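[1] Sequence first, then the predicted structure, then my questions.
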Amino acid sequence: MKIQQQMVLASRLRDGRAAFLTREGNWSVDIASGAVADDPEQAAALLVRARQDEQRNLVVDPYLVDVRIIKGRPSPVDWRERIRAEGPTTTV
């Protein structure tokens, strides 16, 4: 059975943009820079770290999102998080 990979997604408090927690403990709007957890323990540790930044008023509402790696780049499984990560969709 394959374990679901996860990342932490939150909103930056200063501008509201979706941001991903990096392995270095920073926040990036580029999903490719985000830390990907390969097991539940790693995911839980990332979320604990993110909640510390929430307490420091850097981000709001950090949560785990399921991702899969496509062509070496993480991509959220859920459509809502995919839109947050890649920007809004528009039709002309």
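    Nice, thanks for sending it over. In this text the structure is predicted, and so the values were computed from the model without any measurement.

[2] what about the helix or strand hosting Arg49, distance to the chain center?
    Assigned by DSSP states H and E, Arg49 belongs to helix 40-55. Here the centre of helix 40-55 is set off from its chain's centre by 11 Å, with CA atoms, centre = their mean, to the nearest Å.

[3] Pro76 contacts Ala85, doesn't it?
    Yes: at 5.5 Å, Pro76 counts as touching Ala85 under the criterion of CB atoms under 8 Å. C-beta: built from backbone N, CA, C; applies to glycine.

[4] Where do the strands of this protein begin and end?
    5-12, 18-21, 27-28, 59-70, 73-76 (DSSP state E).

[5] Tell me the neighbouring strands of the third one, and mark each as parallel or antiparallel.
    According to DSSP bridges, strand 27-28 forms sheet pairs with strand 18-21 (antiparallel).

[6] Where in this protein is the helix or strand with the lowest mean pLDDT?
    Using mean pLDDT, DSSP states H and E, helix 79-86 stands out as the lowest-scoring helix or strand of the chain, at a mean of 83.
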